[in-house]
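> okay, here's the prediction I keep looking at, along with the sequence it came from:
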Amino acid sequence: MELMEFLTVVILVFALFMLLAGVFTAYFGSGKSRMIGVALLVVGLVVGVLWAFMALGKDGIIDVDLGKVIWDSFLYIAAGIVGALAAIGVFLVAIMKS
């Protein structure tokens, strides 16, 4: 089960960043790079929707609770960001006081 949760996070993050890179490249690119951006966007969309479709539903092909995995991933990322910001804050206070 943990392997499927790991693969779900990896594939959904891959799809999300492909979408973001595709939108960015298609919007700011010109000529050939704009077409590459559209291709990245389509690949990200297809991969994300296909994986979500396989994970959702009563008879899902992938045995994973998609909502729980996404929520847990969000919480872990948020906790990492808060921890990193707290460490940077302590570092800056220590440097400024010396």
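Arrived safely.

> so which elements touch the helix or strand residue 83 falls within?
According to DSSP states H and E, residue 83 maps onto helix 66-97. Helices and strands touching helix 66-97, by 3 or more CB pairs under 8 Å, 6 or more residues apart in numbering; DSSP states H and E, are helix 2-28. Any C-beta I mention is one placed from the backbone N, CA and C, and that applies to glycine too.

> next, the angle from the helix or strand just after the helix it packs on to helix 66-97.
Downstream of helix 2-28, the next assigned helix or strand under DSSP H and E is helix 32-55. Interaxial angle, helix 32-55 versus helix 66-97 (axes from the mean of the first three to the mean of the last three CA atoms, to 10 degrees): 120 degrees.

> hmm, who's touching helix 32-55?
For helix 32-55, contacts defined as CB atoms under 8 Å, 6 or more residues apart in numbering pick out 8, 11-12, 14-27, 29, 60-62, 64, 66.

> among these, which ones are buried?
8, 11-12, 15, 18-19, 21-22, 25-26, 62, 64, 66 (16 or more other CB atoms under 10 Å).

> thanks again, I'm all set now.
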